[in-house]
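In: Just the structure for this:
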Amino acid sequence: MTAMTMAQALNTALRDALREDERVLVFGEDVGPLGGVFRITDGLTKEFGEERCFDTPLAESGIVGLAVGMAMGGFRPVVEMQFDAFAYPAFEQIASHVAKTRNRTRGRLSLPMVIRIPYAGGIGGVEHHCDSSEAYYAHTPGLKVVTPATPDDAYWLLRDAIADPDPVIFMEPKRLYWSKGETTPGDRRAAGFGRAAVRREGRDATLVAYGPGVPVALEAAETAARDGVSLEVVDLRTLVPFDDETVVSSVRKTGRCVVIQEAQGFAGVGAEIVARVQERCFHSLAAPVLRVTGFDIPYPPPKLEHSHLPDADRVLDAVDRLQFEDEPDVLHLVREAS
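Out: Predicted coordinates:
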């Protein structure tokens, strides 16, 4: 095992993929000699040359269109959308062509390509730099949607995404780029696409989270444990495909569920999770399934993002509302304002 940041894990995954498969190409805005805004591609142009890792014009639709053609031609392009909201000009290409090619050709043509998108907030970014846009992609049939919460998952999920025969939207939580963890590039331990991970065992309620919401869920579970309340934390890892089995098993065990997402609440991924849980676990539920989300507003200015983003206190407030029948006041925690 090696301790590294998520940014280092992603860089290592790209480097290993480029070494092992000459069909892999990396390109996007400033990903060449600069190494990208977040330095995820640092050193790749120097090691592999400008034919394998190169800069593009500032035209997201053109970047994705080029990747489509290259994937059709047998390459495995990995492209970077510099920030989440910068990807919107490319959405027509993604929804109309990237997602539909396999279906349109009745399986005769696939697009093995990865679109990396740094997403979500927590870095003090201004408008167009901190959107949580995962619902657009999860709602588009034909795409796989991945979002890691640990460095080890960042490495292995990106390797899986590059090797996959179909297009993958790879959502990278920006505020977790500098989080550290044990990573095993030479010894696979992480599960593949479509498998969630139970990050913390519990018995009283299940917290379902993904990407930037996972550390929030773990912090809330740690705080609740000091009051004798046991919260299980499920990290989805992939939004599409979705791991119903792990989520359902956890909720049937605990009987209660809170879903955490950083994006605005209305029509978000969390709403789909709530619907799936209530459909599959109705007779096991002791309380309604609740959500903790961002507010239904455009992303706020940096000085206000701490109020917009879900935190452990808001998660614990939701857990309070689950109305534990045996100890109705057990979660009235005394929490200091941060």
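In: Closest to the mean position in the protein, which residue would that be?
Out: In the chain, the residue lying closest to the centroid (CA atoms, centre = their mean) is Thr147, at 2.0 Å.
In: Before we move on, what's the pLDDT of it?
Out: pLDDT recorded at Thr147 is 98.
In: That one and Pro298, how far apart?
Out: Going from Thr147 to Pro298 by CB to CB, to the nearest Å gives 21 Å. To be clear about C-beta, it is placed using only N, CA and C from the backbone, and glycine gets the same treatment.
In: what's near enough to touch the residue nearest to the centre of the chain?
Out: 119, 134, 170-173, 210-211, 236-239 (CB atoms under 8 Å, 6 or more residues apart in numbering).
In: okay if I get those as JSON lines plus secondary structure, neighbour count and distance to Gly28?
Out: Formatted as JSON lines, those follow (DSSP: H, G, I helix; E, B strand; the rest coil; neighbours: other CB atoms under 10 Å; distance: CB to CB, whole Å):
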{"residue": "Tyr119", "secondary structure": "strand", "neighbour count": "28", "distance to Gly28": "15"}
{"residue": "Glu134", "secondary structure": "helix", "neighbour count": "26", "distance to Gly28": "19"}
{"residue": "Phe170", "secondary structure": "strand", "neighbour count": "27", "distance to Gly28": "12"}
{"residue": "Met171", "secondary structure": "strand", "neighbour count": "25", "distance to Gly28": "15"}
{"residue": "Glu172", "secondary structure": "strand", "neighbour count": "25", "distance to Gly28": "13"}
{"residue": "Pro173", "secondary structure": "strand", "neighbour count": "26", "distance to Gly28": "18"}
{"residue": "Tyr210", "secondary structure": "coil", "neighbour count": "29", "distance to Gly28": "24"}
{"residue": "Gly211", "secondary structure": "coil", "neighbour count": "29", "distance to Gly28": "20"}
{"residue": "Leu236", "secondary structure": "coil", "neighbour count": "26", "distance to Gly28": "26"}
{"residue": "Arg237", "secondary structure": "coil", "neighbour count": "26", "distance to Gly28": "24"}
{"residue": "Thr238", "secondary structure": "strand", "neighbour count": "25", "distance to Gly28": "22"}
{"residue": "Leu239", "secondary structure": "strand", "neighbour count": "23", "distance to Gly28": "22"}
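In: quick one, phi/psi of Ser250?
Out: Main-chain dihedrals, Ser250, degrees, to the nearest 10: phi -70, psi -50.
In: Skipping adjacent residues, who's closest to it in space?
Out: Thr206 (4.5 Å; CB to CB, 6 or more residues apart in numbering).
In: Show me what the one helix or strand that neighbour maps to is in contact with.
Out: Assigned by DSSP states H and E, Thr206 falls within strand 205-209. Strand 205-209 has contacts (CB under 8 Å, 6+ apart) with 149, 216-217, 220-221, 229, 231-236, 247, 250-251, 253-261, 273, 277, 315, 319, 322.
In: List buried residues within those residues.
Out: Neighbour counting by 16 or more other CB atoms under 10 Å classes 149, 216-217, 220-221, 229, 231-236, 247, 250-251, 254-261, 273, 277, 315, 319, 322 among the contacts of strand 205-209 as buried.
In: Among those residues, name the ones in helices.
Out: 216-217, 220-221, 247, 250-251, 254, 273, 277, 315, 319 (DSSP state H).
In: could you dump the residues you listed to JSON lines with pLDDT and distance to Leu14?
Out: What follows is these, written out as JSON lines (pLDDT from 0 to 100; distance: CB to CB, whole Å):
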{"residue": "Val216", "pLDDT": "98", "distance to Leu14": "28"}
{"residue": "Ala217", "pLDDT": "98", "distance to Leu14": "28"}
{"residue": "Ala220", "pLDDT": "98", "distance to Leu14": "33"}
{"residue": "Ala221", "pLDDT": "98", "distance to Leu14": "32"}
{"residue": "Val247", "pLDDT": "98", "distance to Leu14": "30"}
{"residue": "Ser250", "pLDDT": "98", "distance to Leu14": "33"}
{"residue": "Val251", "pLDDT": "98", "distance to Leu14": "36"}
{"residue": "Thr254", "pLDDT": "97", "distance to Leu14": "38"}
{"residue": "Ile273", "pLDDT": "98", "distance to Leu14": "30"}
{"residue": "Val277", "pLDDT": "98", "distance to Leu14": "35"}
{"residue": "Val315", "pLDDT": "98", "distance to Leu14": "33"}
{"residue": "Val319", "pLDDT": "96", "distance to Leu14": "39"}
